[in-house]
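# sequence and predicted structure, then a few things I'm wondering about:
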2 protein chains.
Amino acid sequence: MENLKTKILSYTKVDMDVLEREMKKYTRITLRKGDTLLEPGHVAAHMYYLEKGCISYHKEEEGEIKVLEFYTEDVYFTDLLSYVNQTPSKYYLKALEACVVLAVDKQRLERSFANSHQLERFGRLSMQEGFTKLLSRVERMSIRSNEERYLRLVEKRPDLFQRVPNYLIASYLGITPVGLSKLRKRLSKV
Amino acid sequence: MENLKTKILSYTKVDMDVLEREMKKYTRITLRKGDTLLEPGHVAAHMYYLEKGCISYHKEEEGEIKVLEFYTEDVYFTDLLSYVNQTPSKYYLKALEACVVLAVDKQRLERSFANSHQLERFGRLSMQEGFTKLLSRVERMSIRSNEERYLRLVEKRPDLFQRVPNYLIASYLGITPVGLSKLRKRLSKV
DNA sequence: TCAATTTATTAAACCAGTTTAATGAATTTG
DNA sequence: CAAATTCATTAAACTGGTTTAATAAATTGA
């Protein structure tokens, strides 16, 4: 749990005894490639911390996949839309590789926040960080040409191309696998 | 300040004396159409609450406008990327109509959070709400066809079409004004 | 209120990405 | 390890949006 502790402390000071007690609330889950952490119709009851691996946050409708986000090491994630309102999710959280995840359920986490100003503060700041990251994503999505969006992704998250299949990258970029293939070919010619 | 108080209390309980003291930290700013609250190169020093009007959060590069968000009544807003890291902004926050805005500077707000667990909690929950709203935006952006994205916007934020010029709507949707015009014509024919 | 400016529409030529389908490469699994 | 499945590329025909430019409509402001 060292990475998680370090993560929390990177946001704000938390007393060691509080932090140790907090760690006890998390359970470690190991996932094999293809395993599902959340699927449509279910309510997201947990907040997750990704110790190891890569998770896709995506929708599947009419046989089409729409990737909203790829999560990689040392980030918090869940389906926030379902988690916040405790409504059925429309999304999948699926392991793209073998993963190790730390899970804490919402009630417990809320209780921690209520009982400790320090942890509440950590909660606010980590939420803020997630927000700014998503804002960068929107910034990148708002680029009109596929080519520029692709190049930006190569620049910002080069690791994804090693660990995520091409057709999911295409979906993340908002194009078809065929479109991505043509785009790459065009780029390699110049 | 009644709307703002109600907003804060909708997130969590805050003692009246704390709330009243908090209100004193906000200053009311009135903007005329076209006025700028933040421009590129400047650091976002304030968090804002929009009492009245409509604000665009956008970028201007090579004569092209890219709208990331439209803010309307009773939401918090700022350039979070600049605000959080205190780095120069790349964006504009501009009044699309006459606006009334409440502003509080970051230092003061941070001090409030540090001094009051209740306010810290409010900070966390309002950040969470902003996050989920942005997530819905990403969800809508990830729709591939312009037509569906347009119809979704008509459904979700019909008011925007009354108060925002068409070419900004087009930018928000990720297409050109010409493209939007053609799209509307096609839809009206069916 | 009229002139100046900004915004919206239309047209025409063009192009990047889509769809469908086929082939080949790579990965998974019994 | 071979067979089955999944994934990536290519081709061809098509389509929806782009660019550029011109005109019309609406808004602004002197």
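Yes, it's here. Numbers count the residues shown, from 1 in each chain, chains lettered A, B, ... in the order given.
# need the strands for chain A, in chain order.
Ranges of strands within chain A are A:27-31, A:36-38, A:46-52, A:54-61, A:64-72, A:76-77, A:92-95, A:99-105, based on DSSP state E.
# which residues of chain A lie near DNA strand C?
Residues of chain A lying near DNA strand C by Cβ under 7 Å from any atom of the strand: A:33-34, A:145-147, A:174-176, A:178-179, A:182-183, A:186. Bear in mind the C-beta positions are built from the backbone N, C-alpha and C, glycine included.
# do I have it right that A:I29 meets A:A98?
No: at 11.7 Å, A:I29 and A:A98 do not qualify as touching, with contact defined as Cβ atoms under 8 Å.
# just the residues of chain A next to DNA strand C: which are in helices?
Counting by DSSP state H, those place A:N146, A:E147, A:V178, A:G179, A:K182, A:L183, A:R186 in helices.
# what's the most distant pair in those residues?
The most widely separated members of these are A:E147 and A:V178, with 15.1 Å between them, by Cβ to Cβ.
# looking at the two, which one has more neighbours?
Neighbour comparison, A:E147 and A:V178: the larger count goes to A:E147, with 13 against 10 (by other Cβ atoms under 10 Å in any protein chain shown).
# which one is that one nearest to, not counting chain neighbours?
Excluding its sequence neighbours, the residue lying closest to A:E147 (Cβ to Cβ, 6 or more residues apart in numbering or on different chains) is A:L183, at 6.0 Å.
# equivalent analysis for A:E22, please.
Nearest residue to A:E22, sequence neighbours excluded (Cβ to Cβ, 6+ apart): A:S112, at 6.0 Å.
# so who does that neighbour touch?
By Cβ atoms under 8 Å, 6 or more residues apart in numbering or on different chains, the residues touching A:S112 are A:E22, A:K25, A:L119.
# need the residues you listed in TSV (columns: pLDDT and neighbour count).
TSV is the format used below for these (pLDDT from 0 to 100; neighbours: other Cβ atoms under 10 Å in any protein chain shown):
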residue	pLDDT	neighbour count
A:E22	97	22
A:K25	97	14
A:L119	98	23
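# among the residues you listed, which are in helices?
Among the contacts of A:S112, the members falling in helices (DSSP H) are A:E22, A:L119.
# roughly how far does the residue of chain A at minimum distance from DNA strand C sit from A:K185?
Residue of chain A nearest DNA strand C, by Cβ to the nearest atom of the strand: A:G179 (2.1 Å). Using Cβ to Cβ, to the nearest Å, A:G179 is found at 11 Å from A:K185.
# now swap in A:V104 and tell me
The gap separating A:V104 from A:K185 is 45 Å, by Cβ to Cβ.
# same question, A:T176
A:T176 sits at a distance of 14 Å from A:K185 (criterion: Cβ to Cβ).
# check A:Y71 too.
Look at A:Y71 and A:K185: by Cβ to Cβ, they are 30 Å apart.
# what sits against the residue of chain A found nearest chain B?
For chain A and chain B, the shortest gap (Cβ to the nearest Cβ) falls at A:R124, measuring 3.7 Å. Applying Cβ under 8 Å, 6+ apart, we find A:R124 in contact with B:F113, B:E120, B:G123, B:R124, B:M127.
# output those as TSV; include the columns distance to B:P158.
Shown next, in TSV, are the contacts of A:R124 (distance: Cβ to Cβ, whole Å):
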residue	distance to B:P158
B:F113	36
B:E120	36
B:G123	31
B:R124	31
B:M127	27
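# just the buried ones from these, in PyMOL syntax?
Selecting only the buried entries of those in PyMOL, with 16 or more other Cβ atoms under 10 Å in any protein chain shown as the criterion:
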select buried, chain B and resi 113+120+123+124+127
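# got phi/psi on A:I175?
A:I175 adopts backbone torsions of phi -130, psi 180, taken as degrees, to the nearest 10.
# what sits closest to it if chain neighbours are left out?
Residue nearest to A:I175 in three dimensions, not counting chain neighbours: A:N146, with 5.4 Å by Cβ to Cβ, 6+ apart.
# the one you found: how many residues sit nearby?
Neighbour count of A:N146, defined by other Cβ under 10 Å: 16.
# near chain B, which residues of chain A show up?
A:66-68, A:80-81, A:84-85, A:113-114, A:117, A:120-121, A:123-124, A:127-132, A:134-139, A:141-144, A:174-175 (Cβ under 8 Å from any Cβ of the partner chain).
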